[in-house]
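*Asks:* Based on what follows, work out the 3D shape:
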Amino acid sequence: METVYEFTLPKGYVDKEGNVHRKGHMRLATAGDEISATRDPRVLSNPSYLTIVVLSKVITDLEGVEVITATHIEKLFTADLAFLQDMYQRINDVEPPKITAVCPDCGKTFEVPLNFTEEG
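*Replies:* Numbers count the residues shown, from 1 in each chain. Below is the predicted model of the structure:
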């Protein structure tokens, strides 16, 4: 069973030196991740912050960033945040992540595994 998934952010995290970091890994969430996030003081004062805290727990690395924190997630572009939220939902679903595709030549519909990296 796959528990860690590679991803490439659409825009990328820009650090204080102006470097862009796009490639990383996200692991499957545990019940403990979600429970501990609900106890975080930032979440208690603002429930919308839950996504930020949970993502900071399950993103195991982002190229060139030593430790991922909620502050890093806060500084992502909205396109990247939406991408990571979608990825989180898909990989933590009961079924392996797949997407429905349509053959451009014959019009046949089929399912293919979803790849979160840009390399295909």
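
*Asks:* any idea how far residue 100 is from the residue lying farthest from the centre of the chain?
*Replies:* Within the chain, the residue lying farthest from the chain centre (C-alpha atoms, centre = their mean) is residue 106, at 33.3 Å. Distance, residue 106 to residue 100, by C-beta to C-beta, to the nearest Å: 15 Å. No exception for glycine: its C-beta is placed from N, CA and C like everyone else's.

*Asks:* Ok, residue 11 next?
*Replies:* Computed as C-beta to C-beta, the residue 11 to residue 100 distance reads 26 Å.

*Asks:* Between those two, tell me which one has more neighbours.
*Replies:* residue 11 (14 against 8; other C-beta atoms under 10 Å).

*Asks:* Can you mark which positions in stretch 64-74 are buried?
*Replies:* Using 16 or more other C-beta atoms under 10 Å as the test for burial, stretch 64-74 gives 68, 70, 72, 73.

*Asks:* what mean pLDDT does it have?
*Replies:* Across stretch 64-74, pLDDT averages out at 94.

*Asks:* tell me how far the ends of it are from each other?
*Replies:* Length of stretch 64-74, first residue to last, C-alpha to C-alpha, to the nearest Å: 17 Å.

*Asks:* Give me the below-cutoff pLDDT ranges for this structure.
*Replies:* Residues of the chain meeting the criterion pLDDT under 70: 94-97, 115-120.

*Asks:* what residues does the lengthiest strand in the chain touch?
*Replies:* Criterion DSSP state E: the longest strand present in the chain is strand 4-14. Here strand 4-14 makes contact (C-beta atoms under 8 Å, 6 or more residues apart in numbering) with 20-28, 60, 62, 65, 72, 75-77, 79-80, 83-84, 87, 91, 97, 116-119.

*Asks:* Now restrict those residues to buried residues only.
*Replies:* Using 16+ other C-beta under 10 Å, the buried ones in the contacts of strand 4-14 are 21-24, 26-27, 62, 72, 76, 80, 83-84, 87, 91, 97, 116.
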